[in-house]
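In: model this:
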Amino acid sequence: MDFFNELMIKVIEETSDGFLILNPKKEIIFFNEVFLRMMGLRSIDIFSQEKDLLRTIQPENGKESNLTIKVADRKGVSHTFLLESYPVENVLGRYFLLRVNPYQLVPEEKFFSKEKYELIFNNLGDPLYTADIKGKILSCNPAFLKLLHLTGGIENMEDIDSFYVNQDELEDKIIRLLEAKSIYNLETHLFTAYKEVRRVLDSSWLIENEDGVAIGYCTHLRDVSYVHNLEQRLHISERNYLMLLGSILSSMIIVDPLGNILNWNYAAEKFYGYKWEEVVGKDFDETTRPDKKHRSIESIIKLVNENNGRYMETDVPRQCKDSTIRFTFASYSALINSEGETIAYSIMEKDLTERIRLERKLAESFDQLKQTQSAAILGFARLTEYRDKNTGKHLERIREYTRVVATALAELPQYRNYISDEYIEDLCLSSILHDVGKVGIEDSILAKPGKLDPDEFDRIKDHTNFGGDALSEADSHMTKESFLTIGKEIAYYHHEHWNGNGYPKGLKGKAIPLSARIVALADVYDALTSDRSYKQALPHKEAVEIIKSERGTHFDPDIVDVFIENQEVFRRINKFIAFQENPASISDLLDRQQVSAKK
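Out: You can find the predicted model right below:
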């Protein structure tokens, strides 16, 4: 292959058009990188699919042709191209030059003719020029003129050195060309006609005469000014990003997809006590995770990916350099590049340590207040016990029986939205006030060892109104509902019957407040299984049978049902309660005994 043809192949390799060459047997012997990119194929795809490809692009013998072809890429997507075919004759036979280009060119005659070379030279999308060793421009294509905003013919063009921003770059290029005969992607800066600077990559080949003497060179240029601008903008963006990262008041941490720390800001340094250089490259969990009970960064990243790139959690414990534990509100976000790939994750944290401390202190104060309130209410309720010596530990047992029934009822669908944890606490506290009205009953009646006569019994009934009125008066001074609201319901109505035969109002069914219906059963069970001055305690089983027999008459059927399901808990409370000797006995007992309800 002579110099001219060798130069032509180099130009084809560097051009922005797709080229393919077939030998006389119509086999593929050459294709450039642009052809592969345009077709969406790899070199191995060309060789493995050669027969199918040749059936699509088969040129006509001895004729130049312009064809529209369709070729499927690696993903099977079909694309349409303009195929130009040029037959070339030499001593070995007829070769074919195939050009793939979205633009239709003027038909050509011979591939390696000077006219053919000039036609391709002038229609290449990338800038090309030739010059002699002294720098005089001998030829250039329209793309070169467009790059430098030049007008007019070649005869009026200045030497190439007039376009170089730095003359040293041109001198270096000539020296390297004379030594190596070719250079590739040499970075160069050129002036346009308007003195704008264009950053280009220069690929050049030395031109020698028949005696091997260098007489000039051919240069292919690729404008990368836009890429350079992008790099500059990226550098500025990176600098602005670092400034922004440092100025954010909240802790900001960047981790890679494996959970290794890539960066963190000044606020994170202050929060954790580590300098930036101490943590970069380290595992986030090993640096900040207090123990394995809390979520790992791997599980957090999984949650971020499952929630469209965002996830938040609060009251997150973090271990600092000095081993102290602090708490944060953490917001996690996926960082995605322009191709949609997640390249890192950001963690923005707000310090909640002081808030958590205050909340815990407030909760402790509230618990102390509740304990004080419970103790005061229990002391007040025991005024009744001082009048009625037979009641013993009646109040404590009533409270625990009430808790068992209410907890079981809360599991039933019809009560689930009504009986809350707060309701249960208020109900248990209020239950011990059910007989507070007995302080208004005469000692002769309360302490009578035998059965009460009708007048005495009518008098004892008054305790419901005494107690209800007293609690109602206290409740009226409250700004909102409290345990006293439930307490007055219980005091008034815990002797009402489901069938309407109770007192003081003769209420029936669900007209009786739920609180009173629950305490009614608890009160009767305790009365049946406790010694009184006028009777002995009944065995647990006998008391259960009596209550079962009163289902739907004296007691609410639902409440009887959960009582039967949990009768063993009642039996244990009745047998083992002893608050003074062992205040924790009931709590321990209830922890061991499951409270259940019929579903």
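
In: how about stretch 130-144: buried residues?
Out: Residues 130-131, 135, 137, 140-141, 143-144 are the ones in stretch 130-144 that count as buried (16 or more other Cβ atoms under 10 Å). The C-beta positions use only the backbone N, C-alpha and C, and glycine is treated the same way.

In: then stretch 318-330?
Out: Of the residues in stretch 318-330, those buried (16+ other Cβ under 10 Å) are 318-320, 326-330.

In: out of the residues you listed, the closest to Pro449 would be?
Out: Phe327 (62.9 Å; Cβ to Cβ).

In: quick check, that closest one in contact with Gln319.
Out: No: using Cβ atoms under 8 Å, Phe327 is not in contact with Gln319, being 11.1 Å away.

In: hang on, the earlier thing: among the buried residues of stretch 130-144, which two are most distant?
Out: By the measure Cβ to Cβ, Gly135 and Ala143 form the most distant pair in the buried residues of stretch 130-144, at 20.1 Å.

In: where do the helices sit along the stretch 401-550 of the chain?
Out: Ranges of helices within the stretch 401-550 of the chain are 421-431, 443-446, 454-475, 483-493, 514-528, 540-549, based on DSSP state H, counting those that start in this stretch.

In: for the stretch 101-250 of the chain, same thing?
Out: Going by DSSP H, counting those that start in this stretch, the stretch 101-250 of the chain shows helices at 114-123, 142-147, 167-180, 225-247.

In: the second one - contacts with which helices or strands?
Out: I take that to be helix 142-147. On a contact count with 3 or more Cβ pairs under 8 Å, 6 or more residues apart in numbering; DSSP states H and E, helix 142-147 meets strand 128-132, strand 214-223.

In: quick one: contacts of it?
Out: The contact list for helix 142-147 (Cβ atoms under 8 Å, 6 or more residues apart in numbering) reads 122, 124-129, 150-151, 190, 192, 198, 200, 221, 223.

In: pLDDT below threshold where in the protein?
Out: Residues of the chain that meet the criterion pLDDT under 70 lie in 1-16, 60-64, 90-92, 101-119, 226-249, 362-392, 475, 477-482, 577-599.

In: ok, now how distant is Asn566 from Ala543?
Out: Asn566 sits at a distance of 14 Å from Ala543 (criterion: Cβ to Cβ, to the nearest Å).

In: distance to Lys448 and secondary structure added to the buried residues of stretch 318-330, as JSON lines?
Out: Below are those laid out as JSON lines (distance: Cβ to Cβ, whole Å; DSSP: H, G, I helix; E, B strand; the rest coil):
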{"residue": "Arg318", "distance to Lys448": "68", "secondary structure": "strand"}
{"residue": "Gln319", "distance to Lys448": "69", "secondary structure": "strand"}
{"residue": "Cys320", "distance to Lys448": "71", "secondary structure": "coil"}
{"residue": "Arg326", "distance to Lys448": "66", "secondary structure": "strand"}
{"residue": "Phe327", "distance to Lys448": "62", "secondary structure": "strand"}
{"residue": "Thr328", "distance to Lys448": "67", "secondary structure": "strand"}
{"residue": "Phe329", "distance to Lys448": "65", "secondary structure": "strand"}
{"residue": "Ala330", "distance to Lys448": "69", "secondary structure": "strand"}
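
In: returning to that earlier point: make a markdown table out of the helices of the stretch 401-550 of the chain and add mean neighbour count and distance to Thr56.
Out: Below are the helices of the stretch 401-550 of the chain laid out as a markdown table (neighbours: other Cβ atoms under 10 Å; distance: least, Cβ to Cβ, whole Å):
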| stretch | mean neighbour count | distance to Thr56 |
| --- | --- | --- |
| helix 421-431 | 19 | 75 |
| helix 443-446 | 14 | 110 |
| helix 454-475 | 17 | 92 |
| helix 483-493 | 24 | 87 |
| helix 514-528 | 23 | 83 |
| helix 540-549 | 16 | 91 |
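
In: what residues are up against the closest residue to Asp223 other than its chain neighbours?
Out: Nearest non-adjacent residue to Asp223, counting by Cβ to Cβ, 6 or more residues apart in numbering: Val200, 5.5 Å away. Val200 makes contacts with 127, 147, 187-190, 221-225, as judged by Cβ under 8 Å, 6+ apart.

In: list just the nearest of those residues to Gly18.
Out: Nearest to Gly18 among the contacts of Val200, counting by Cβ to Cβ, is Arg222 at 16.5 Å.

In: so who does the closest one touch?
Out: Contacts of Arg222 (Cβ under 8 Å, 6+ apart): 126, 185, 200-201, 203.

In: bridged to it, which residues?
Out: Counting by DSSP bridges, Arg222 is bridged to Leu201.

In: ok, it to Ile137 distance?
Out: For Arg222 relative to Ile137 (Cβ to Cβ), the value is 18 Å.

In: I'd say Gly440 and Thr464 touch.
Out: No: using Cβ under 8 Å, Gly440 is not in contact with Thr464, being 10.7 Å away.

In: picking that back up, among the contacts of Val200, the buried ones, what's the ChimeraX command?
Out: The ChimeraX selection below is limited to those of those classed as buried (16+ other Cβ under 10 Å):
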select :127,147,188,190,221,222,223,224
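
In: closest one to Val71 out of the contacts of Val200, please.
Out: Nearest to Val71 out of the contacts of Val200 is Arg222 (Cβ to Cβ; 25.9 Å).

In: in space, what's closest to the residue nearest the centre of the chain - neighbours in sequence excluded?
Out: Central residue of the chain (Cα atoms, centre = their mean): Val304, 2.5 Å from the mean position. Ranked by Cβ to Cβ, 6+ apart and with sequence neighbours excluded, the top spatial neighbour of Val304 is Tyr311, at 4.6 Å.

In: that's a strand at the one you found, yeah?
Out: Yes: under DSSP: H, G, I helix; E, B strand; the rest coil, Tyr311 falls within a strand.

In: how about Ile21, what does it touch?
Out: Counted by Cβ under 8 Å, 6+ apart, Ile21 has contacts 28-31, 95-98.

In: need those in CSV with neighbour count and distance to Glu341, can you?
Out: CSV is the format used below for the contacts of Ile21 (neighbours: other Cβ atoms under 10 Å; distance: Cβ to Cβ, whole Å):
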residue, neighbour count, distance to Glu341
Ile28, 17, 35
Ile29, 11, 38
Phe30, 16, 35
Phe31, 21, 30
Tyr95, 19, 44
Phe96, 24, 41
Leu97, 23, 40
Leu98, 23, 36
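
In: nearest to Ser251, of those?
Out: Once Cβ to Cβ is applied, the member of these that ends up nearest Ser251 is Phe31, at 54.7 Å.

In: show me what contacts the closest one?
Out: Residues in contact with Phe31 (Cβ under 8 Å, 6+ apart) are 18-21, 46.

In: circling back: output the buried residues of stretch 318-330 as CSV; include the columns distance to Gln536.
Out: Conversion of the buried residues of stretch 318-330 to CSV gives the following (distance: Cβ to Cβ, whole Å):
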residue, distance to Gln536
Arg318, 64
Gln319, 63
Cys320, 66
Arg326, 63
Phe327, 59
Thr328, 64
Phe329, 62
Ala330, 64
